[in-house]
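*Asks:* generate a structure from the sequence data that follows.
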Amino acid sequence: MADWLAEFDASYRFMRVDRATGAEVSELEGFEGGGSISRNLDTDVYESASATCEGGLDVGADLVRVYLDADFGGEVERVALGTFVPSVPKRDVSSEVDRASVSMQGRLSELAEDAFDAPFSLPAGSDPVAEAAAICRACGLAVSADASAYRLSTAWTFGLSETSDGEGGSKLRAVNALLGIAGFASAVTDPMGTVLMRRYAEPEARPLAAEWREGADARFLDECVDERDASGVANVVRAVYETPEATVIGVAVDDDPGSPYSTAAIGRRRVKEYRYSDEVAQDEADAEAARLLAEQASVTRRVTVSHVYAPHVACYDAVTFAYRGIGGRFAVRTQELSLGAGCMVRAELRRFERAAR
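*Replies:* I've put the predicted structure just below:
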């Protein structure tokens, strides 16, 4: 087992992967240095990559898998970085140059670009995670899914034009809707292209993937970007209870001059509204609005850091970070891998902090 805290020389290997069998059939020649891989939990397809290849690239319907070969002074650790669907949107050709720009999308793009040809219904009592996995497998993707005891309480139908529940659309949208109702995170892929379906847990409940601290053994650059985004903090909350008989609206206002995001502090109202179909009294609606006002008062803290590649850290993982007064437990939200020296990764770490009132 390699010591990833030690220095290593990085080189990269591009392999052709047979779509039908998943086997690596040959090494692809001509890929030049450079390129990048992007992983982002805020995007449906999660990952993408780019590279350049001399002489063009034609793998037919097959896939491309990218490897990092990390040489620790003679001991080489080979690590898969991603498995992609390639395309060649541009090729530069002249008497001196024949070079293709290769754009690659993660395998979830296959679900994002596919749709049901006819209405696809699931009866009440169905296991939504198992059904989401079945949709993926029917499209030729391998799946690794946590078990789930949740069952649909009503029938669900996909394959229609947008329904009142916002379902329909692509197969990927259907998969993520089924995972969401079961309390799972949205689907992502691992470096081998397997679709991962994981039960959602708050960052505090996730095991630590890494502890990054300033010092002689630090594997991150001596700089970072620290941001606090309070745009989601409301100072007015409305709890609207609507039934055929009556509408009751509870309102809570943060007008405390000592509160940093109150109407007094910022000079304007930021309103969030929550709607219910229950019948309640006015004091109950007001109490719910007050509870929601206190609950949603969180600031998004983002720390962007560049570090040497660590194979045990992926998006969604929890890490601790301590540097120049910045400290705490964060979740990895994005990763940008540079296919160069050290396989440097620019990562966004995120957590939610309570706004002081």
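*Asks:* which residues does residue 11 contact?
*Replies:* Neighbouring residues of residue 11 by Cβ atoms under 8 Å, 6 or more residues apart in numbering: 68, 69, 71. Using the backbone N, CA and C atoms, a C-beta is placed for each residue, glycine as well.
*Asks:* cool, residue 322 as well?
*Replies:* By Cβ under 8 Å, 6+ apart, the contact set of residue 322 is 212, 213, 214.
*Asks:* direction included, what does the helix or strand containing it pair up with?
*Replies:* Under the criterion DSSP states H and E, the helix or strand holding residue 322 is strand 318-323. Take DSSP bridges as the rule and strand 318-323 pairs in its sheet with strand 208-213 (parallel), strand 326-338 (antiparallel).
*Asks:* does residue 242 really touch residue 273, like I thought?
*Replies:* No: between residue 242 and residue 273 there is no contact under Cβ atoms under 8 Å: 11.4 Å.
*Asks:* just the helices in the stretch 151-300 of the chain please.
*Replies:* 171-181, 263-266, 282-295 (DSSP state H, counting those that start in this stretch).
*Asks:* figure out which of those is closest to residue 92.
*Replies:* Among those, the nearest to residue 92 by Cβ to Cβ is helix 171-181 (32.8 Å).
*Asks:* scan the contacts of residue 322 and report the most crowded one.
*Replies:* Top of the contacts of residue 322 by neighbour number is residue 212, holding 21 neighbours under the definition other Cβ atoms under 10 Å.
*Asks:* quick one: that one from residue 135, how far?
*Replies:* In this view, residue 212 and residue 135 are 37 Å apart by Cβ to Cβ, to the nearest Å.
*Asks:* go on, residue 20?
*Replies:* Here residue 20 is placed at a distance of 19 Å from residue 135 (Cβ to Cβ).
*Asks:* with neighbour numbers in mind, choose between those two.
*Replies:* Shown here are residue 20 and residue 135; by other Cβ under 10 Å, residue 135 has more neighbours (21 against 8).
*Asks:* what about the stretch of helix or strand the more buried one belongs to, average pLDDT?
*Replies:* For residue 135, the host element (DSSP H and E) is helix 128-138. For helix 128-138, the mean pLDDT works out to 98.
*Asks:* from the contacts of residue 11, which ones fall inside strands?
*Replies:* If you go by DSSP state E, those have 68, 69, 71 in strands.
*Asks:* quick one: buried ones out of the residues you listed?
*Replies:* The neighbour count (16 or more other Cβ atoms under 10 Å) marks residue 68 as buried among those.
*Asks:* mind putting the ones in strands among the contacts of residue 11 into TSV with pLDDT?
*Replies:* Output for those, formatted as TSV (pLDDT from 0 to 100):
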residue	pLDDT
68	97
69	96
71	96
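*Asks:* looking at the contacts of residue 322, which is nearest residue 324?
*Replies:* Closest to residue 324, out of all of those and judged by Cβ to Cβ, is residue 214, at 6.8 Å.
*Asks:* the closest one - nearest residue in space that isn't next to it in sequence?
*Replies:* Sequence neighbours aside, residue 323 is the residue nearest to residue 214 in space, at 4.6 Å (criterion: Cβ to Cβ, 6 or more residues apart in numbering).
*Asks:* and what of residue 262?
*Replies:* Per Cβ to Cβ, 6+ apart, closest to residue 262 is residue 254, 4.4 Å.
*Asks:* list the contacts of the one you found.
*Replies:* Counted by Cβ under 8 Å, 6+ apart, residue 254 has contacts 235, 236, 261, 262, 263, 293, 297, 357.
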